[in-house]
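S.K.: Any chance you can model this:
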Amino acid sequence: MTWLWQYNMEPGFLPFPLRHLAIGYGLALVLPCVAGFLAIVLLQLVPQLQFSESLILLAILLISSCWGLLPGLLASFVGIAFYLVMLLPPRFPFVIEARVDIFSTVMFTLTSLCISLLTSQLQRARLQAQQAQGEAERAKQMMDDFLSMITHELLTPLTASHLSLQIIKHKMKQRSPTQVAERVAREHFLQVTIERALHQLDVQQRLVYDLLDASRIRSKGLELSTQRCDLGEIVRNGVEVQRLLHPERTLLLTETLNEIIPVEADPDRVHQALGNYLSNALKYSAPDTPVSVSVTRTPSHVRVSVSDHGPGLTAEQQQEVWKRFYRAPGISVQSGSSVSLGLGLHIARNVIERLGGQVGIQSNPSQGSTFWFCLPLTYENGSEERMPL
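M.R.: Just a heads-up that it's a prediction; the model follows:
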């Protein structure tokens, strides 16, 4: 019987108080009777009037069009009962005396039921078509926004690299300086410019790799090469890489113990997930504030947390931040490059969950954020023990 409920609806074209399904059931009990009494009045005024029961059919049509199948069926049964008792001659008392009355009763019953069934299905199909059209328009708008965003984000490092190469080309055309100091200064300038161009190309390469990873995640084609590894070493290497990339920033690493932390994971992918956490923390926090990384261990799992002093996130943003291409509105980059596709946390979440772990966030607006992930520990016999995190 559940399929019947799928054909109920709330009419969006009616005033809000009249849209509720209970209103439809109430009118299904009343409106056919009102239409029937109106038909009786018309018969009293115009005795030769034909098809007076069509008023009841109109009431059934109205109920089915507005509130769907079940209210329409209820209106049909009420209308049929009213027709049999009040309209079918002789009206008082209820008696079916001739074959024509039987035929009229059967035809009225079939017509009522067909009206309620067909009308509700047509209305449902119309609403589904409108919903599909709305979803298609939203998808088109999302695609347009995505193309605009990705074009801008990919062009930004490309433009910077092109400008750096033009500067190098211009400098190379200039006459070589004769003074040693000038030659050293020129070589230093060229080296810095080349490094800047390489950095922008690295940014563009990272964006392309993020797009590929997001595509593989969507098609369930992201491959993981799992092995027994030391998570502590992965974390230390990840922090050291960010220190080299951001020598002006303070990164604090807190480990509760020094022994090996054995996990069954893909070291490169875990390094990537941690790198996404750290790059976000550095990007959205002030340059003079530290970013803290902590590693804590329980008998069943190990937890890695990255804390910053950034703007923080609302509860709604914390739910949305793991989705593809999501960038929290109203939160601006405070240090480093602003180039981002909103894929880092999405990729990190999928990688960690594929490895049997969990991700999460603790944050409040204006109080910073702590992003964390947990992985199950692997013991000497290769078993993994899990407990609620």
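S.K.: Give me the residue at the spatial middle of the chain.
M.R.: The C-alpha lying nearest the average C-alpha coordinate of the chain belongs to residue 323 (Cα atoms, centre = their mean; 6.1 Å).
S.K.: Secondary structure class of it, three-state.
M.R.: Using DSSP: H, G, I helix; E, B strand; the rest coil, the three-state assignment for residue 323 comes out as coil.
S.K.: what's the average pLDDT for stretch 73-93?
M.R.: The average pLDDT for stretch 73-93 rounds to 74.
S.K.: repeat for stretch 108-119
M.R.: Over the span of stretch 108-119, the pLDDT mean works out to 83.
S.K.: if we look at it, which residues are touching it?
M.R.: By Cβ atoms under 8 Å, 6 or more residues apart in numbering, the residues outside stretch 108-119 that reach it are 53, 56-57, 60-61, 63-65, 69, 72-73, 75-76, 79-80, 83. In short, each C-beta sits where N, CA and C put it, glycine included.
S.K.: ditto for stretch 332-348
M.R.: For stretch 332-348, the external contacting residues (Cβ under 8 Å, 6+ apart) are 149-150, 153, 156-157, 203, 207, 210-211, 213-214, 217, 246, 249, 272-273, 276-277, 279-280, 282-287, 310, 321-327, 359, 371, 373.
S.K.: let's see 7 Å
M.R.: Applying Cβ atoms under 7 Å, 6 or more residues apart in numbering, the external contacts of stretch 332-348 come out as 150, 153, 156-157, 203, 207, 210-211, 213-214, 217, 273, 276-277, 279-280, 282-287, 321-327, 359.
S.K.: distance between that stretch and the chain's centre?
M.R.: With Cα atoms, centre = their mean, to the nearest Å as the basis, stretch 332-348 stands 18 Å off its chain's centre.
S.K.: same deal with stretch 251-266?
M.R.: Stretch 251-266 sits 33 Å away from the centroid of its parent chain (Cα atoms, centre = their mean).
S.K.: Give me the distance between the two termini of it.
M.R.: Taking Cα to Cα, to the nearest Å, the first and last residues of stretch 251-266 lie 24 Å apart.
S.K.: buried ones in that stretch?
M.R.: 251, 253, 261, 262, 263, 264, 265, 266 (16 or more other Cβ atoms under 10 Å).
S.K.: Out of those residues, which sit inside strands?
M.R.: 251, 253, 262, 263, 264, 265 (DSSP state E).
S.K.: tell me the two of those that are most distant?
M.R.: Largest separation among these by Cβ to Cβ: 251 and 264, giving 27.0 Å.
S.K.: Give me the below-cutoff pLDDT ranges for this structure.
M.R.: Scanning the chain for pLDDT under 70 picks out the ranges 1-13, 87-101, 145-157, 175-180, 199-200, 203, 256-257, 336-340, 380-389.
S.K.: okay, now the domains of it?
M.R.: Following automatic domain parsing, one gets these domains for the chain: 2-138, 145-218, 227-376.
S.K.: quick one on the thing from earlier: tabulate the ones in strands among the buried residues of stretch 251-266 in TSV, adding columns for distance to residue 294.
M.R.: Formatted as TSV, those follow (distance: Cβ to Cβ, whole Å):
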residue	distance to residue 294
251	12
253	8
262	19
263	16
264	22
265	18
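S.K.: ok, then the element right after the helix or strand containing residue 121?
M.R.: Using DSSP states H and E, residue 121 falls within helix 99-173. Remark: after helix 99-173, the chain's next helix or strand is helix 180-218, criterion DSSP H and E.
S.K.: Next, residue 355: phi, psi?
M.R.: phi -90, psi 10 (degrees, to the nearest 10).
S.K.: my guess is it contacts residue 375, does it?
M.R.: Yes. The pair residue 355 / residue 375 is scored as a contact, 6.0 Å apart, by Cβ atoms under 7 Å.
S.K.: what's the overlap in contacts for these two?
M.R.: Residues touching both residue 355 and residue 375 by Cβ under 7 Å, 6+ apart: residue 265.
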